[in-house]
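Q: Okay, here's the prediction I keep looking at, along with the sequence it came from:
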Amino acid sequence: MHLFLSDGTKIESQYVIVADGMLSSIGKQLGERQNCNNIGVCVVQEYPLSKTTLDQFFSEKRRVHYHLNVMGVAGYGWVFPKNEHVNISVCEFRQVIGPENQKKNMKKIYQNYLKILKENNIIPSALQADNLKGGIFPTHPVEHTFLERVFLC
């Protein structure tokens with residue numbers, strides 16, 4: 001298999017692993033489109049925290065929190081403590097949104113979720129919603145994850 005990069009470089013390989021995400025632009029160029037109706041859209045942020053703070057809020061067992069239908073969103077929120085940070089997110093299942101429902105402002109919902117988490121002493125009050133990242137993920141098994149000698153991740 002011959003691959004040509006945008007700068008004209010030619011690479012030869014037996015197999016290619018394409019890992020450019022759910023909406024793979026390379027997958028599209030190869031003729032493989034994912035169903036974008038069955039996706040979750042999330043706003044996420046990771047906050048560095050000391051071991052002491054993590055122990056205080058999540059115990060040494062690092063308890064996680066899941067909250068269904070946060071702020072009326074068809075989806076869930078999560079708080080995942082890890083070794084040196086906590087990962088907080090809110091996601092919406094887009095396939096549930098019909099013509100009568102409008103997409104929500106996920107950034108605003110995330111900010112309100114943080115406020116609720118602080119009020120309930122689930123996270124430290126000093127955490128702020130800045131440097132937010134977004135993401136999407138499949139909520140239904142994808143039909144194809146491979147083409148001839150190409151694996152889509």
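A: Alright, I've got the coordinates. Note that the structure is predicted; figures quoted are calculated from it, not measured.
Q: Please list all residues in contact with A19.
A: Applying C-beta atoms under 8 Å, 6 or more residues apart in numbering to A19 gives the contacts C153. C-beta: built from backbone N, CA, C; applies to glycine.
Q: C-terminal to the lengthiest helix in the chain, what's the next element?
A: Taking DSSP state H as the criterion, the chain has its longest helix at helix 106-119. Using DSSP states H and E, the helix or strand that follows helix 106-119 in sequence is strand 133-138.
Q: contacting residues around that following strand?
A: 21-23, 34, 38-45, 91, 106.
Q: What average pLDDT does it get?
A: Averaging pLDDT along strand 133-138 yields 85.
Q: List the neighbouring strands of it plus their orientation.
A: In the sheet, strand 133-138 lines up against strand 39-48 (antiparallel) (DSSP bridges).
Q: same for the very next helix or strand once past the strand it pairs with, what does it pack against?
A: Remark: after strand 39-48, the chain's next helix or strand is helix 51-58, criterion DSSP H and E. If you count contacts as 3 or more C-beta pairs under 8 Å, 6 or more residues apart in numbering; DSSP states H and E, helix 51-58 packs onto strand 75-81, strand 85-93.
Q: just checking, what packs against the first one?
A: This points to strand 75-81. helix 51-58, strand 65-68, strand 85-93.
Q: Beta-bridge partners for the residue nearest in space to the middle of the chain, please?
A: Nearest to the mean C-alpha position of the chain, by C-alpha atoms, centre = their mean, lies G135 at 3.9 Å. Per DSSP bridges, the residues bridged to G135 are C42.
Q: related to what we said a few turns ago, so which of the helices and strands packed on helix 51-58 is nearest L49?
A: Among the helices and strands packed on helix 51-58, the nearest to L49 by C-beta to C-beta is strand 85-93 (5.7 Å).
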